[in-house]
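**Student:** Please find the sequence and the predicted model below.
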Amino acid sequence: MTGSPPDRWTLIFDGECGICRRSVEWIRRRDPEGRVETIPFQDPQVPRRFPEIPSERFSQAMQLVSPQGERWEGARAAEELLRLLPRWRGLAPLFRVPLVRRVADRVYRWVARNRGRLGCGDHCTLPEG
């Protein structure tokens, strides 16, 4: 890893996507210890902090970076996030059930590819500020 590792877990997401922003708000509400920093990939600090992550990866899937510099993306990042959230840890082992991870990966990729066409209107729009 060429950039310096973050002090805490960092979730890099599409800040222009209503689905992504809503998901980040869900995570923030369930992270009472503040273990996960969330930052949109459009933030100019992202390429400087994470130069080892190719820029196209940010628009394809959320990226989760551990304090040690390990990285997961997409559904695999969601699995790791569940492990970090106190009341949701018990769901992470479900990804070990045969076919669950494969299905989760496919669903994640489909949603990521189609998020602009999913009609994500007012129900996904977060208030500004």
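**Tutor:** Yes, it's here.

**Student:** would you list every one of the strands in this structure?
**Tutor:** Ranges of strands within the chain are 9-13, 36-40, 63-65, 71-73, based on DSSP state E.

**Student:** For Asn114, which of those strands is the nearest?
**Tutor:** Minimum separation from Asn114 across the strands of the chain (CB to CB) falls at strand 9-13, 16.5 Å. Any C-beta I mention is one placed from the backbone N, CA and C, and that applies to glycine too.

**Student:** Report the strands that pair with the closest one, each with its relative direction.
**Tutor:** Sheet pairing of strand 9-13 (DSSP bridges) gives strand 36-40 (parallel), strand 63-65 (antiparallel).

**Student:** Would you mind listing the outside residues contacting that strand?
**Tutor:** Applying CB atoms under 8 Å, 6 or more residues apart in numbering, the contact partners of strand 9-13 are 20-21, 23-24, 27, 35-41, 46, 49-50, 53, 58, 62-67, 77, 81, 84.

**Student:** Only whichever of these are buried, select them in ChimeraX.
**Tutor:** In ChimeraX, this line selects whichever of the contacts of strand 9-13 come out buried by 16 or more other CB atoms under 10 Å:
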select :20,21,23,24,27,36,38,39,40,41,46,49,50,53,58,62,63,64,65,77,81,84
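
**Student:** Alright, I will stop here.
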